[in-house]
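Undergrad: got a sequence here, can you model it:
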Amino acid sequence: MHSSVQGVLFDLGGVVIDWSPLHLYRKFFADKPEVTERFLREICPLEWNEIQDAGRSLENATRERVNQFPEWQEAIEAYYGRWEEMIAGPIRGTDGIILDLYESGVRLFALSNWSAETFPLIRDKFPVLKMFEKIFISGDYQCAKPDPAFFEAALEEIDVARNKLLFIDDNRRNVDAALGIGLPSIEFVDSIQLRSALVAIGILN
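TA: Okay, here's the model as predicted:
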């Protein structure tokens, strides 16, 4: 293991777990891409979901949206009512990387924007999650990436110096936020790119 890296901090959605509202709404709207696109752009965009990731209750969020867009009530209620259908499974190849890191003695943590109400629904369905010493979920901290406060809250609980902890996320703004507080980071593209990057810096062989 590279002497300068003692632990890795993974994002979950988009890096370890394949979560996307598209998995649900492509079915919900019967392959009508223009309707799906409009709904996820104007009615329930990712920015709206991020408010729940930062701690707002799903019930309040759903009621607020239905009141604003009553003609979309059924689709809006499906967002969290059928939320598990947004999970397609693990990201191909990432679980193998995590296993290799775990077996080589690298300490593993996760830091993810996720509602505290939805994460428990899938936590036990992904064995790879058991390899993390601790998983930091934004909904539990009432703040979300890229807010530096969420990173700092996690770093206070991780007994690894930030310059020896490598952060991995598929969202460039989160990577930039991590770099801004002195946390070495890699932007995730796919598992092949990630493995190559980890080999290049000496964490994996």
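Undergrad: against Phe39, how distant is the residue lying farthest from the centre of the chain?
TA: Ranked by distance from the centre of the chain (C-alpha atoms, centre = their mean), the top residue is Glu71, with 30.3 Å. Going from Glu71 to Phe39 by C-beta to C-beta, to the nearest Å gives 11 Å. The way it works is simple: take the backbone N, C-alpha and C, and place the C-beta from them, glycine included.
Undergrad: from Asp18, how far off is Gly96?
TA: Gly96 sits at a distance of 15 Å from Asp18 (criterion: C-beta to C-beta).
Undergrad: if we can go back for a sec, pLDDT value on the residue farthest from the centre of the chain, please?
TA: Listed pLDDT for Glu71 reads 98.
Undergrad: contacting residues around it?
TA: Contacts for Glu71 (C-beta atoms under 8 Å, 6 or more residues apart in numbering) come out as none.
Undergrad: repeat for Lys130
TA: Contacts of Lys130 (C-beta under 8 Å, 6+ apart): none.
Undergrad: distance of it relative to Gly55?
TA: The value you get for Lys130 to Gly55, if C-beta to C-beta is used, is 25 Å.
Undergrad: for Ala110, list the residues it contacts.
TA: By C-beta under 8 Å, 6+ apart, Ala110 lies in contact with Leu9, Phe10, Asp11, Leu12, Val16, Leu129, Phe132, Lys134, Ile135, Phe136.
Undergrad: what's the neighbour count on the fourth one?
TA: Counted by other C-beta atoms under 10 Å, the residues lying close to Leu12 total 26.
Undergrad: same check on the fifth one?
TA: Per other C-beta under 10 Å, the neighbour tally for Val16 reads 25.
Undergrad: of Gly96 and Asp18, who's got more company?
TA: Legend: neighbour count by other C-beta under 10 Å for Gly96 and Asp18, higher for Asp18 (16 against 13).
Undergrad: shaky segments in this structure?
TA: For the chain, the stretches with pLDDT under 70 are 1-3.
Undergrad: enumerate every residue touching the residue nearest to the spatial centre of it.
TA: Geometric centre of the chain, nearest residue: Gly13, 3.0 Å, by C-alpha atoms, centre = their mean. Gly13 is in contact with Trp19, Ser112, Asn113, Trp114, counting by C-beta under 8 Å, 6+ apart.
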